[in-house]
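**Student:** The following comprises the amino acid sequence and a computationally predicted model.
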Amino acid sequence: MSLALDINNLNFRYAEQTKNCLQGFSLQVATGERFGLFGPNGAGKTTLMHILTGLISFNEGSIKLLDNELKNKKKSLNNLFGFVPQDFSFYQELSPIENLNFFGAWCGLSKTEIKKRSEELLETLNLTDVRNKPVAKFSGGMKRRVNLAIGVLNNPPILFLDEPTVGVDIQTRHAIIDYLKQLNQNGTTLFYTSHQLHEAESLCTKITLIDEGKLIACDNLSNLLTQHKASNLEELFLTLTGKAYRDSHV
Amino acid sequence: MFKLWAAILKDVKILVRDKIGLTFMFAMPIFLVLVITSLQSSTFELVNENKVPLLVCNKDTGAASRQLIQALEKVGMFNLLATTQNLNGQQVSDTMHKQNALMALVIPVSFSTKIAAKAKDVSEKALNDFGVKEKEGDQNTDSLYNILFYYHPVLQASYRQSIQGAIRSSLQLVESKQILQTLYFALNEKKLPESLENKIINNQITIQEIPVSKDGSKTIPNATQHNIPAWTIFAMFFIVTSLGSNLVKEKLSGSFIRLKILPTNYLVALVSKQITYMAVCLIQVLVIFSIGIWLFPLIGLPALNIPNDIFALIIVSVICAWCAVSYAQCIGVFAQTQEQANGFGAVSVVLLAAIGGILVPSFAMPHSFQFLLKFSPMYWCLESYYSLFLERGGLHDVLKNILPLFIMAIVLQIITLLRLKKKNLI
């Protein structure tokens, strides 16, 4: 089994904190998997996602992306993955096609590749009619689709998704999830994190729960439900992480 | 190169779609240049062409006070408003308000008598020194009379000084005339002939103004030649409010996350912004200079005379633009919020303009500021432009000014890069 992602004994602590945010964290994600990472607020999901995408540098441990050691800030590895952040990561003043043209060039794609991929993505994500309109005027759902289009523009082997469907209507959510499944069928490994547990049940082939920087469960959904005698992912989540607030301190 | 081109296209599109920002970048300096040149041009006219209303309260009945009034009329800069003789200080002030006079001159009661006494005393001393006649007695005539000069507080000290200078010169003329007449009478026992008096008194020497220029031209600089370069520099540096906040906005927006994870160095984004905003600065230069050349004469303002060395003008403009953009970029990289970039950026540009000689001429600054102004990039920009516009110099004349400017831009670039390096952005 080839690994898309291989994390070993990862430790990370923010400069201003005394406690490690990720403690001896290890995780393997097979290529072609639809991997879901879940946990309460402050569990370390976003930190892990930022380390994996190179936004922050890690202190100890090792990370391999498709067998490539993720040294701190090595830009050449950035073409191995795409990232769909929770925040809208594009220029609101520009149209979808202008955003795709700019980010395509910065991904290292040629003019022809950008044109071809942009047409495909605009068509698939139903943005063709608004391709030349400024994104600032779009609805939340349309913006999410633009965010996704830019994230997958370079056909990445691994796609990191941080809450890709937050704040969208049911139709858009279904369209996005269907598109992600389609991407996965075409060979993209998905690394997904969200609080939409119902959505995760239908999308993820493997589930990982983390809390306080440590991995607390990792298997496919049915095995986890059987093992912890839970009827769904939400019940499993509450069983393993408890019901206490996690973000009551700053 | 394709990445840089894509970034430039993106930056240009974002800039062009920000209509308010664009208006601010172009309309503000044009408005400033128009207003300030009009104001300075009218001040120049006020001093040189329009007559200043001067209320004269002549309490004296003798000839000397009439001569003084005539001399003041001859100066040509006053519109003399006569008033009744016996006014006290309060009444003078009231009359000034009524007649819209900014100044008033009160000639004391025995002005002519005292001028005559002084003339007699001086001529006796002179004759005594020549051995022609023995002096009858010593009189202290040093402060025999005081002329009162009232002024509206709105008048600035420099303007008051020039008015007082004109009044003193008229007084000097009256005194000299009286002394000459007395002396002539004592020697010849007859009245000084008018023709001789005019020949002696009236100044035959004229002062010819010759502006210093490198090319030998004698074009007299006007308010436009001073203001257009100065306010163009100010406009270029004021781009800090746009570029600085644009950088902060990008840093705080989601798009920055994507810029950081893409396989392209953030340095490309910075170079793109530098090119885009330098182009904006150069368009500002082109627009403001064009307004000076073609629009100003249509609205009654003096036209801008373009320097002889156009190549030098382009080089100076490009380096000024680069320095302005480097400054704005440095502010943008350090600022944490748009408010910080806008607030600090705008205030610092006004300060740099003040110490750089844009708001107050550098030669009029106190000694300590003469040293400080060399740290303002605007000073070097202004010196370069003045060398071209006012002294009609060429590239070799401005090299000594653009070199410090170039060094300042390099230092700002290095500071920016060190900050980005510290933040792991490059």
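**Tutor:** Sure thing, it's come through.

**Student:** does the closest residue to chain A within the stretch 1-150 of chain B sit in a helix or strand, and which one?
**Tutor:** For the stretch 1-150 of chain B, the residue closest to chain A is residue B:6, as judged by C-beta to the nearest C-beta, at 3.4 Å. C-beta: built from backbone N, CA, C; applies to glycine. Under DSSP states H and E, the secondary-structure element containing residue B:6 is helix B:2-17.

**Student:** Show me what that helix is packed against.
**Tutor:** If contacts are counted by 3 or more C-beta pairs under 8 Å, 6 or more residues apart in numbering or on different chains; DSSP states H and E, helix B:2-17 sits against helix A:96-107, helix B:19-48, helix B:240-252, helix B:266-290.

**Student:** Columns distance to residue B:170 on top of those helices, output as TSV?
**Tutor:** Listed next are these as TSV, based on distance: least, C-beta to C-beta, whole Å:
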stretch	distance to residue B:170
helix A:96-107	73
helix B:19-48	17
helix B:240-252	51
helix B:266-290	43
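
**Student:** so of those helices, which one's packed in deepest?
**Tutor:** Mean neighbour count (mean count of other C-beta atoms under 10 Å in any protein chain shown) peaks for helix A:96-107 among the helices and strands packed on helix B:2-17, with a mean of 24.

**Student:** Which elements pack onto it?
**Tutor:** If contacts are counted by 3+ C-beta pairs under 8 Å, 6+ apart, helix A:96-107 sits against helix A:111-124, helix A:140-151, helix B:2-17.

**Student:** One more pass at 10 Å, please.
**Tutor:** helix A:111-124, helix A:140-151, helix B:2-17, helix B:255-261, helix B:266-290 (3 or more C-beta pairs under 10 Å, 6 or more residues apart in numbering or on different chains; DSSP states H and E).

**Student:** Nearest to the middle of the chain, which residue? Look it up for me.
**Tutor:** Because you didn't say which chain, this covers chain A. What sits nearest the mean C-alpha location of chain A, by C-alpha atoms, centre = their mean, is residue A:161, with 1.8 Å.

**Student:** hm, I was asking about chain B
**Tutor:** The residue lying closest to the centre of chain B (C-alpha atoms, centre = their mean) is residue B:361, at 5.5 Å.

**Student:** Quick check on that residue: phi, psi?
**Tutor:** Dihedral pair for residue B:361: phi -60, psi 140, per degrees, to the nearest 10.

**Student:** The helices and strands packed on helix B:2-17: lowest mean pLDDT?
**Tutor:** Of all these, mean pLDDT reaches its minimum on helix B:19-48 (a mean of 78).

**Student:** close to chain A, is that one?
**Tutor:** No: shown here: helix B:19-48 not in contact with chain A (C-beta under 10 Å from any C-beta of the partner chain), separated by at least 10.8 Å.

**Student:** Tell me the helices and strands packed up against the longest helix seen in chain A.
**Tutor:** Ranked by residue count under DSSP state H, the longest helix found in chain A is helix A:170-185. Judged by 3+ C-beta pairs under 10 Å, 6+ apart, the packing partners of helix A:170-185 are strand A:34-38, strand A:81-84, helix A:111-124, helix A:140-151, strand A:158-162, strand A:189-193, helix A:197-203.

**Student:** and if we set it to 7 Å?
**Tutor:** Judged by 3 or more C-beta pairs under 7 Å, 6 or more residues apart in numbering or on different chains; DSSP states H and E, helix A:170-185 is in contact with helix A:140-151, helix A:197-203.

**Student:** hang on, the earlier thing: who wins for proximity to residue B:258 among the helices and strands packed on helix B:2-17?
**Tutor:** Residue B:258 sits nearest to helix A:96-107 of all the helices and strands packed on helix B:2-17, at 6.5 Å, using C-beta to C-beta.

**Student:** Okay, angle between that closest one and helix B:266-290 too, please.
**Tutor:** Relative orientation of helix A:96-107 versus helix B:266-290 (axes from the mean of the first three to the mean of the last three C-alpha atoms, to 10 degrees): 120 degrees.

**Student:** Contacts made by stretch B:253-271 with the rest, please.
**Tutor:** With C-beta atoms under 7 Å, 6 or more residues apart in numbering or on different chains as the test, stretch B:253-271 has contacts from A:53-55, A:75-76, A:78-79, A:83, A:85, A:87-91, A:103, A:106-108, A:150, B:3-4, B:7, B:250, B:329, B:420, B:425-426.

**Student:** And these, which of them are buried?
**Tutor:** A:53-55, A:78-79, A:83, A:85, A:88-91, A:103, A:106-108, A:150, B:3-4, B:7, B:250, B:329, B:420, B:425-426 (16 or more other C-beta atoms under 10 Å in any protein chain shown).

**Student:** Just after the top helix by length along chain B, pick out the following helix or strand.
**Tutor:** In chain B, assigned by DSSP H, the helix with the most residues is helix B:157-188. Next in sequence after helix B:157-188, counting helices and strands by DSSP H and E, comes helix B:194-201.

**Student:** Can you tell me what sits against the next helix or strand after that next one?
**Tutor:** With elements assigned by DSSP H and E, the helix or strand that comes after helix B:194-201 is helix B:223-237. With contact meaning C-beta under 7 Å, 6+ apart, helix B:223-237 is reached by B:29, B:32-33, B:36-37, B:40-41, B:44, B:281, B:284-285, B:288-289, B:292, B:296, B:301-305, B:320-321, B:324, B:327, B:349, B:352-353, B:358, B:378, B:381-382, B:385-386, B:389-390.

**Student:** try 6 Å this time
**Tutor:** Contact with helix B:223-237 is made by B:29, B:32-33, B:36-37, B:40-41, B:44, B:281, B:284-285, B:288, B:292, B:296, B:302, B:304, B:320-321, B:324, B:349, B:353, B:358, B:378, B:381-382, B:385, B:389-390, as judged by C-beta atoms under 6 Å, 6 or more residues apart in numbering or on different chains.

**Student:** hang on, the earlier thing: and the longest helix of chain B, average pLDDT?
**Tutor:** Mean predicted confidence for helix B:157-188 is 85.

**Student:** Tell me the pLDDT of the residue in the stretch 151-300 of chain B that chain A sits nearest to.
**Tutor:** Closest to chain A within the stretch 151-300 of chain B is residue B:254: 3.5 Å, counting by C-beta to the nearest C-beta. With respect to pLDDT, residue B:254 scores 78.

**Student:** That one and residue A:91, how far apart?
**Tutor:** Distance, residue B:254 to residue A:91, by C-beta to C-beta, to the nearest Å: 10 Å.

**Student:** Report the beta-bridge partners for the residue nearest to the centre of chain A.
**Tutor:** Listed by DSSP bridges, the beta-bridge partners for residue A:161 are residue A:84, residue A:192.

**Student:** So residue 55: helix, strand or coil?
**Tutor:** Since you didn't name a chain, this refers to chain A. coil (DSSP: H, G, I helix; E, B strand; the rest coil).

**Student:** um, chain B though
**Tutor:** The three-state label given to residue B:55 by three-state DSSP is strand.

**Student:** buried residues in stretch B:185-200?
**Tutor:** So stretch B:185-200, judged by 16+ other C-beta under 10 Å, has buried residues residue B:192.

**Student:** what bits of chain A have low per-residue confidence?
**Tutor:** Scanning chain A for pLDDT under 70 picks out A:1, A:72-76, A:243, A:245-250.

**Student:** what does it put close to chain B?
**Tutor:** A:53-55, A:75, A:78-79, A:83, A:85, A:87-91, A:93, A:102, A:105-108 (C-beta under 6 Å from any C-beta of the partner chain).

**Student:** Show me what counts as buried in stretch B:301-312.
**Tutor:** Within stretch B:301-312, the residues scored as buried using 16+ other C-beta under 10 Å are B:301, B:302, B:304, B:305, B:307, B:309, B:312.

**Student:** ok, and the closest non-adjacent residue to the third one?
**Tutor:** By that I understand residue B:304. Distances taken as C-beta to C-beta, 6 or more residues apart in numbering or on different chains place residue B:292 nearest to residue B:304, at 3.0 Å, with adjacent residues excluded.

**Student:** Which phi and psi values does the residue nearest to residue A:14 when sequence neighbours are not counted adopt?
**Tutor:** Distances taken as C-beta to C-beta, 6+ apart place residue A:21 nearest to residue A:14, at 6.1 Å, with adjacent residues excluded. When read as degrees, to the nearest 10, the backbone of residue A:21 gives phi -80, psi -30.
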